[in-house]
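Peer 1: Pasted the sequence and its predicted model underneath.
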Amino acid sequence: MQAGTSEIWKAYAASALTNVTVSSTQKTGTYHQSLTVVVFSGASGIGATSIGSGATGGPSVSIATTAPGSLVYGVGNDWDHATSRTTGSNQSMVHQWVDTAVGDTFWLQSRTAPVPAAGSTVSINDTAPTADRWNLAAVEIIR
């Protein structure tokens, strides 16, 4: 892995929640962080996952989906520069923090459409920048 971390956490609620606050507190260090919460109503769980990192090149990971109609999300960090990502085809940026204070970028992206079938190989990737260190994690949300 490269410097920094990209993590995906999950939580389940037995019934609908209202007036919920989600927060994250670092135990040590003065590193910057970004937290994005995405809510899925009716999701039945987590399917395939994948992680990757690289010293250079466009961030990219692939998963083989386990259920038709699943959603695929990816979260990443760029330790080297505060530079906007250019997502790969059929993907959109959900949230991105270009942190110029420390020169890092944190982002969450997703596939623009549910996967058509179980066993589909799906990539989460960025086409730019390609000269920075990166970490990327992807998860399948089964609907």
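Peer 2: Looks like it came in fine.
Peer 1: switch to C-alpha atoms for all contacts and neighbour counts from now on
Peer 2: Will do.
Peer 1: At the geometric centre of this protein, which residue do we find?
Peer 2: Centroid-nearest residue in the chain, with Cα atoms, centre = their mean: V75, separated by 1.7 Å.
Peer 1: right, and the helix or strand after the helix or strand containing that residue?
Peer 2: Here V75 sits within strand 71-78, counting by DSSP states H and E. Per DSSP H and E, the first helix or strand lying C-terminal to strand 71-78 is strand 86-87.
Peer 1: Which SSE is immediately downstream of that following strand?
Peer 2: Immediately after strand 86-87, counting by DSSP H and E, sits strand 91-99.
Peer 1: buried set for that next one?
Peer 2: Neighbour counts over strand 91-99 (16 or more other Cα atoms under 10 Å) mark Q91, S92, M93, Q96, W97, V98, D99 as buried.
Peer 1: now those residues as CSV including distance to S110?
Peer 2: CSV is the format used below for those (distance: Cα to Cα, whole Å):
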residue, distance to S110
Q91, 5
S92, 6
M93, 7
Q96, 12
W97, 16
V98, 18
D99, 21
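Peer 1: returning to that earlier point: quick one: mean pLDDT for the strand holding V75?
Peer 2: If you average the pLDDT over strand 71-78, you get 97.
Peer 1: tell me the angle of it relative to strand 91-99?
Peer 2: Put simply, strand 71-78 runs at 30 degrees to strand 91-99, going by axes from the mean of the first three to the mean of the last three Cα atoms, to 10 degrees.
Peer 1: Just the C-alphas of strand 71-78, formatted as PDB.
Peer 2: Only the C-alpha atoms of strand 71-78 are listed here, as PDB (Å, rounded to 0.1, in the frame of the first residue of the first chain):
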ATOM      1  CA  LEU A  71     -24.100  -1.100  -7.300                       C
ATOM      2  CA  VAL A  72     -20.300  -0.600  -7.200                       C
ATOM      3  CA  TYR A  73     -18.500   2.200  -5.400                       C
ATOM      4  CA  GLY A  74     -14.900   3.000  -4.900                       C
ATOM      5  CA  VAL A  75     -13.000   5.200  -2.500                       C
ATOM      6  CA  GLY A  76      -9.500   6.500  -3.000                       C
ATOM      7  CA  ASN A  77      -6.700   8.800  -1.800                       C
ATOM      8  CA  ASP A  78      -3.800  10.500  -3.600                       C
END
